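Q: sequence plus the predicted model coming up.
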Amino acid sequence: MTKETFLKFASAVPQGAVEEHGSKNAAIMHIWRTQTGQTDFRTFKEWQEAGRKVRKGESSFPVFSRPINKIKAEQENSSDSYERNFYGICHLFHVEQTEPIK
């Protein structure tokens, strides 16, 4: 899924779903869980840390990341506040897309 396709998908998430689940990401995750029947989604790096690897050719499930300006402030050990939040896209995989690292 390209960034543009994801943003189009995310903008089409009904407002009622966002209100029901508390945030746009929670509503998107509800959709991914319903479609896949999976509940454990993690990033590529988180699966590696758990002793698993994502199988070659698997497609990710995108969600919005934490605000990028907050991530940068944490990396710089800064308490700078920014007026606007900018969100990146975080790519998640579920457990059936992974296998144990040998």
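A: It's in.
Q: tell me what the most centrally placed residue in the chain is bridged to.
A: In the chain, the C-alpha closest to the average C-alpha coordinate belongs to Val63, at a distance of 3.2 Å (Cα atoms, centre = their mean). Residues in a beta bridge with Val63, per DSSP bridges, are Cys90.
Q: any low-confidence regions in the chain?
A: 1, 70-75, 78-84 (pLDDT under 70).
Q: verify the stated contact: the residue nearest to the centre of the chain with Gly88.
A: No - using Cβ atoms under 8 Å, Val63 is not in contact with Gly88, being 10.2 Å away. (Each C-beta comes from the backbone N, C-alpha and C, glycine too.)
Q: spit out the contact partners of the residue nearest to the centre of the chain.
A: 25, 28-29, 32, 89-90, 92 (Cβ atoms under 8 Å, 6 or more residues apart in numbering).
Q: Gln38 now?
A: Shown in contact with Gln38 (Cβ under 8 Å, 6+ apart): 32, 94-96.
Q: ok, 6 Å please
A: Under the criterion of Cβ atoms under 6 Å, 6 or more residues apart in numbering, the neighbours of Gln38 are His94.
Q: closest to Lys56 among the contacts of Val63?
A: Compare each of those with Lys56 using Cβ to Cβ and the shortest gap goes to Leu92, at 17.1 Å.
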